[in-house]
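Visitor: quick one: sequence plus predicted model below, questions after.
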Amino acid sequence: MDKFEIIVTTLFGLEALAAREIRRLGYETTSVEDGKVCFMGDSAAVCRANIWLRTAERILIKIDEFTAVTFDELFEHTKKIEWYKWINKTDAFPVKGYSLKSTLASVRDCQSIIKKAIADSLSNRYGISWFEESGSTYQIQFSIFKDKVTLMIDTSGEGLHKRGYRQVSNIAPLKETLAAAMVELSHWKYEYPLCDPFCGSGTIPIEAAMIKRNIAPGLNRTFAAQQFSQIDNTLWDNAREEAKSLIKNVPLEIYAFDIDSDTVDIARSNAQKAGVGEFITPQTGDARNIEFNISYGTIICNPPYGERIGEIKECEQLYKEIGKNFKKFDKWSYYIITSNENFEKLFGKTANKKRKLYNGMIKCNLYQFFGQRPPKK
């Protein structure tokens, strides 16, 4: 199949990181917008993007784009598309999407009309009026923004943040894609230790180990497009073999602390499932009094934010106490994400840099405190 436009969706704030990852894979990005990055690629690119991209949420194939302000226009434009090139007579084609700042505001109505238009298009091609939808699933995604309709097919299935290693998690787990982004933004040098004093289910330490060992995040999971007749299975095999061949054997020193011993056990189990258990040392510990006899290192963490008044006060006290403790690590760098706008004042230090990120629907800042540049080893 010829090249087509591929849309990579991301959490807000991670677009530039995803674009950099795409370029590392050898593809040129065509646009970078809020929540998505686009590039031209073929079927092999779909496989490689799903397997390799750490900060992406989904990989979508763009089918068409047009303007529609009436339901008739939406129906007719959708019906004209040659859907048979993708969807066989037995395949399933569920539809979902969203509409923002558009005349066609009812998502349910848009969903129904797009579904009917696709069915009519396929009916004319195959000469049938009823579709059993028992074959492969081609999830149709639509976005309508300022009356511009984009129709896509999802190739990922489950979101790409689901790497497969986190079978069990704590109450408020950090998304794997966001954890990977935090590690990438830290520019952590693997020759020196990394510590997460609020490790929870171990997501940041695991993503850090996978990044430094160059373990592709999607290496051990499946994707919706593996069932697509247009993408030969050998392309998936080739992409996985490529990923396996590029794993690096590097020494790592990663520490994962949590105040709850049961949570530490979860982190240890998840690290083993991810294949990086030997590089991570999970242990019970309190971030307010952890110690290291090491001159240089990096702390990356996601401390509790507190959602209710009582919790907020507790968290603010916690920020003050870890700020006092972290002063001991005067040459270390810290990367701390929180939604608390007064964090720097509470922590007792002004960040060298701040970056706005979203943890789910929570607007946060990644506070970046740069330590001394360590000597080259």
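Guide: Arrived safely, thanks for sending.

Visitor: for the nearest residue to Ser129 once chain neighbours are set aside, what are phi and psi?
Guide: The shortest distance from Ser129 to any residue other than its chain neighbours is 5.7 Å, reached at Ser123 (Cβ to Cβ, 6 or more residues apart in numbering). All C-beta atoms are positioned from the backbone trio N, CA, C, and that covers glycine. With angles defined as degrees, to the nearest 10, Ser123 sits at phi -60, psi -40.

Visitor: number of nearby residues for Ser123?
Guide: 14 (other Cβ atoms under 10 Å).

Visitor: just His187 next, same as before
Guide: Other residues within reach of His187, judged by other Cβ under 10 Å, total 11.

Visitor: same check on Leu151?
Guide: The burial count for Leu151: 26, using other Cβ under 10 Å.

Visitor: report pLDDT for it.
Guide: The model reports Leu151 with a pLDDT of 98.

Visitor: tell me the secondary structure of it, please.
Guide: Look at Leu151: counting by DSSP: H, G, I helix; E, B strand; the rest coil, its state is strand.

Visitor: show me the shaky parts of this structure.
Guide: Residues of the chain that meet the criterion pLDDT under 70 lie in 1, 168-172, 307-310, 377.

Visitor: where do the helices sit along it?
Guide: For the chain, the helices defined by DSSP state H cover 15-24, 43-52, 71-80, 107-126, 176-186, 203-212, 233-245, 261-273, 309-326, 343-347.

Visitor: tell me the most buried of these?
Guide: By mean neighbour count, with neighbours taken as mean count of other Cβ atoms under 10 Å, helix 203-212 ranks first of these at a mean of 27.

Visitor: just checking, what packs against that one?
Guide: helix 176-186, strand 194-196, strand 254-258, helix 261-273, strand 280-284, strand 298-301 (3 or more Cβ pairs under 8 Å, 6 or more residues apart in numbering; DSSP states H and E).

Visitor: Thr10 pairs with what?
Guide: With DSSP bridges as the criterion, Thr10 is bridged to Ala56.

Visitor: okay but it is in contact with Thr177, surely?
Guide: Yes. At 7.5 Å, Thr10 and Thr177 qualify as touching, with contact defined as Cβ atoms under 8 Å.

Visitor: can you give me the neighbour number for Thr70?
Guide: Using other Cβ under 10 Å, Thr70 has 10 other residues around it.

Visitor: typo on my end, Asn88
Guide: 14.

Visitor: now swap in Val69 and tell me
Guide: A count of nearby residues for Val69, using other Cβ under 10 Å, gives 12.

Visitor: now for it: which residues touch it?
Guide: For Val69, the contacting residues are 103-104, 147, by Cβ atoms under 8 Å, 6 or more residues apart in numbering.

Visitor: return the distance of it relative to Thr78.
Guide: 14 Å (Cβ to Cβ, to the nearest Å).

Visitor: what do you get for Ala44?
Guide: Ala44 sits 28 Å away from Thr78, going by Cβ to Cβ.

Visitor: before we move on, what about Arg221?
Guide: Arg221 is 31 Å from Thr78, where distance means Cβ to Cβ.

Visitor: what do you get for Ile144?
Guide: From Ile144 across to Thr78, the span is 12 Å (Cβ to Cβ).

Visitor: do the same with Ile336
Guide: As judged by Cβ to Cβ, Ile336 and Thr78 stand 46 Å apart.

Visitor: so what sits opposite Thr150 in the bridge?
Guide: Assessed by DSSP bridges, Thr150 has beta-bridge partners Glu65, Ser143.

Visitor: just the one 4 residues further on next, same as before
Guide: Following DSSP bridges, Asp154 is listed with bridge partners Leu60, Gln139.

Visitor: you'd agree it is up against Ala224?
Guide: Yes. Asp154 is within contact range of Ala224, at 6.1 Å (criterion: Cβ under 8 Å).

Visitor: mutual contacts of these two, please.
Guide: Shared contacts of Asp154 and Ala224 (Cβ under 8 Å, 6+ apart): Gln139.

Visitor: neighbour-wise, which of those two wins?
Guide: Ranked by neighbour count (other Cβ under 10 Å), Asp154 and Ala224 place Asp154 first, with 22 against 19.

Visitor: can you pull the contacts of the more buried one?
Guide: So Asp154 contacts 58-60, 139-141, 224 (Cβ under 8 Å, 6+ apart).

Visitor: and the residue lying farthest from the centre of the chain, how far is that from Ile118?
Guide: The C-alpha centroid of the chain is most remote from Gly127, which lies 41.1 Å away (Cα atoms, centre = their mean). The spacing between Gly127 and Ile118, counted by Cβ to Cβ, is 16 Å.

Visitor: and the residue nearest the centre of the protein?
Guide: Among the residues of the chain, the one closest to the centroid is Thr177, at 3.1 Å (Cα atoms, centre = their mean).

Visitor: OK, contacts around the nearest residue to that residue once chain neighbours are set aside?
Guide: Distances taken as Cβ to Cβ, 6+ apart place His161 nearest to Thr177, at 4.5 Å, with adjacent residues excluded. If you count contacts by Cβ under 8 Å, 6+ apart, His161 has them with 57, 175-177.
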